[in-house]
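Undergrad: attaching a predicted model along with its sequence, questions to come.
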Amino acid sequence: MTDTPVIGVLALQGDVREHLVALAVADAVARPVRRPEELAEVDGLVIPGGESTTISKLAVLLGVMDPLRARVRAGLPVYGTCAGMIMLADKILDPRSGQETVGGIDMIVRRNAFGRQNESFEAAVDVDGVEGAPVEGVFIRAPWVESVGAAAEVLAEHDGHIVAVRQGNALATSFHPELTGDHRVHRLFADMVRANRAARSL
Ligand SMILES: NC(=O)CC[C@H](N)C(=O)O
């Protein structure tokens, strides 16, 4: 086994390419994942931003939702941004009809939560586990986290609202680090994937 983890990006809809680039910068082999066979081959997975209802419906249609749930339950490291954060929530406050999630983080999210005040904006966000200056958070019709359960760790807040959470091997941010050229959050995730691989190969 080499040191370089293989990290997939769920490529059903959303900003897949930007994540592939960010992961490569974070010293991972990055590849798109659409089918269960492709999912079986990765050491970690990013679920990108986009439209969570569309991602959910396509995942069910293409038969990747159930395998994804099973792998996340079994401890696959997974990182969701924006719509991807919604996909990792155990509960959505305001789901569209038929909208399902993968789950994995004991949290309740509110879709488009920052919407009315601010459709899209940027803000400096201090993220626990990311050294140095705050991360430039790009929020695009972003969710926030209404509440988390005991097992989930809040990594960042903006304006009094939770915008980054980790629970075990699952990481989620309301914002889009893949759009900024600052790949420290992707490096944090790639390090989670590396640590998980090392622990499993003992
Ligand atoms: N940038 C995004 O991923 C937006 C998320 C979108 N508002 C949703 O509910 O899925």
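TA: Sure, I can see it.
Undergrad: residues touching the most centrally placed residue in the chain, list them.
TA: What sits nearest the mean C-alpha location of the chain, by CA atoms, centre = their mean, is residue 80, with 1.0 Å. For residue 80, the set of contacting residues under the criterion of CB atoms under 8 Å, 6 or more residues apart in numbering consists of 46-47, 86-88, 170-173. Placement of C-beta: from N, CA and C, glycine included.
Undergrad: could you pull up phi and psi at it?
TA: Backbone torsions for residue 80, taken as degrees, to the nearest 10, come to phi -110, psi 130.
Undergrad: the one 3 residues further on too?
TA: Reported as degrees, to the nearest 10, the phi and psi values for residue 83 are phi -60, psi -30.
Undergrad: picking that back up, the residue nearest to the centre of the chain bridge partners, please.
TA: residue 47, residue 172 (DSSP bridges).
Undergrad: can you list the weak-confidence ranges in the chain?
TA: In the predicted model, the chain carries pLDDT under 70 at residues 1-2, 116-118.
Undergrad: change it to 90
TA: Residue ranges of the chain with pLDDT under 90: 1-3, 97-98, 114-119, 200-202.
Undergrad: residues of it that sit close to the ligand?
TA: Among all residues of the chain, those adjacent to the ligand (criterion: CB under 6 Å from any ligand atom) are 49-52, 82-83, 86, 111-112, 140-141.
Undergrad: and the residues you listed, which of them are in strands?
TA: With strands taken from DSSP state E, the overlap with those comprises residue 140.
Undergrad: residue 64 versus residue 6, what's the distance?
TA: Here the criterion is CB to CB, to the nearest Å. By it, residue 6 lies 17 Å from residue 64.
Undergrad: no, scratch that, I was asking about residue 179
TA: As judged by CB to CB, residue 179 and residue 64 stand 25 Å apart.
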